[in-house]
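A.B. asks: Here is a sequence together with a model predicted from it:
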Amino acid sequence: MENEKKYFEELLTKSSIEMNDEAKGKMLDFLELLYEKNQVMNLTAIRDKEGMLEKHFIDSLLLTKVIKDEEKSFIDVGTGAGFPGFVLAIFYPEKNFLLVDSVRKKIEFINEVIEKLGLENVKTSFERAEELIKGKRETFDVALCRGVANLRIILEYMIPFIKINGRFLPQKLNLNEVEESGNALKLLGSTIEEIHKFNLPKCGDERIILEIVKNKKTHEKYPRKTGIPAKKPL
């Protein structure tokens, strides 16, 4: 694991991200568990540890440049193997995270890692967002989502979860979807405040974090029933 540690530290330095030794140790333990489980279960298409460190771990940690101290509660929908939410939960032990994915085996993997690393600030759910929202409407400071569905669709699922003046920080690979999302933003009472651009330290790939602020209460009719947002985006 010494090689991975050295490589990870190099990536952190190049990305200007500071991290204490305890968090680094837990990140590398998570990497090891992910790498092992990925041999038997398809958690990520990236198979090598160096690729995982840059394209999953550093990619997730870029959010630390945008997250504010006063933001304490986070929901990560479509977390997959735990990105970005699990990585951020290790980085911020004082903040609370709910990681959601409808693929139960991915949540079971995350639960194993939570237990092995002894994290107390992470909870999980494999409920669909349309069901989960019933008890959690407007309860989170920040919503997270890494490059899953089209922005118009994902906005309808995410905005209802966050408090008024809360933020949605989706990570996108391109900006084409932003122009199409004007109507969805308007209906959901939200605005794009800023577009943050970063580059991964080794491969140089561009990463984009949108900063979307919720300005008013979301109408109870959102999100609509399962399948409708995808078929008829706002």
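C.D. replies: Perfect, thanks for sending it.
A.B. asks: So which bits of the helix ranked longest in the chain are buried?
C.D. replies: Looking across the chain with DSSP state H, the single longest helix is helix 21-40. For helix 21-40, a neighbour-count test (16 or more other CB atoms under 10 Å) marks 24, 26, 27, 28, 30, 31, 33, 34, 35, 37, 38 as buried. From N, CA and C alone the C-beta is placed, and that goes for glycine too.
A.B. asks: check contacts around residue 167.
C.D. replies: 71, 141, 142, 143, 211, 212, 213, 214 (CB atoms under 8 Å, 6 or more residues apart in numbering).
A.B. asks: which SS class is it?
C.D. replies: State at residue 167, reduced to three classes by DSSP: H, G, I helix; E, B strand; the rest coil: strand.
A.B. asks: Just the closest of the contacts of residue 167 to residue 155, please.
C.D. replies: residue 212 (7.6 Å; CB to CB).
A.B. asks: Who is that closest one paired with across the strands?
C.D. replies: Judged by DSSP bridges, the bridge partners of residue 212 are residue 168, residue 192.
A.B. asks: okay, now it: neighbour count?
C.D. replies: 25 (other CB atoms under 10 Å).
A.B. asks: Please determine how far residue 109 is located from residue 54.
C.D. replies: Noted for residue 109: a distance of 21 Å to residue 54, by CB to CB, to the nearest Å.
A.B. asks: who are the neighbours of the lowest-mean-pLDDT helix or strand in the chain, in terms of helices and strands?
C.D. replies: Within the chain, no helix or strand scores below helix 176-180, which has a mean of 87 by mean pLDDT, DSSP states H and E. Applying 3 or more CB pairs under 8 Å, 6 or more residues apart in numbering; DSSP states H and E, we find helix 176-180 packed against helix 151-158.
A.B. asks: Mind checking the pLDDT average for the helix it packs on?
C.D. replies: For helix 151-158, the mean per-residue pLDDT is 94.
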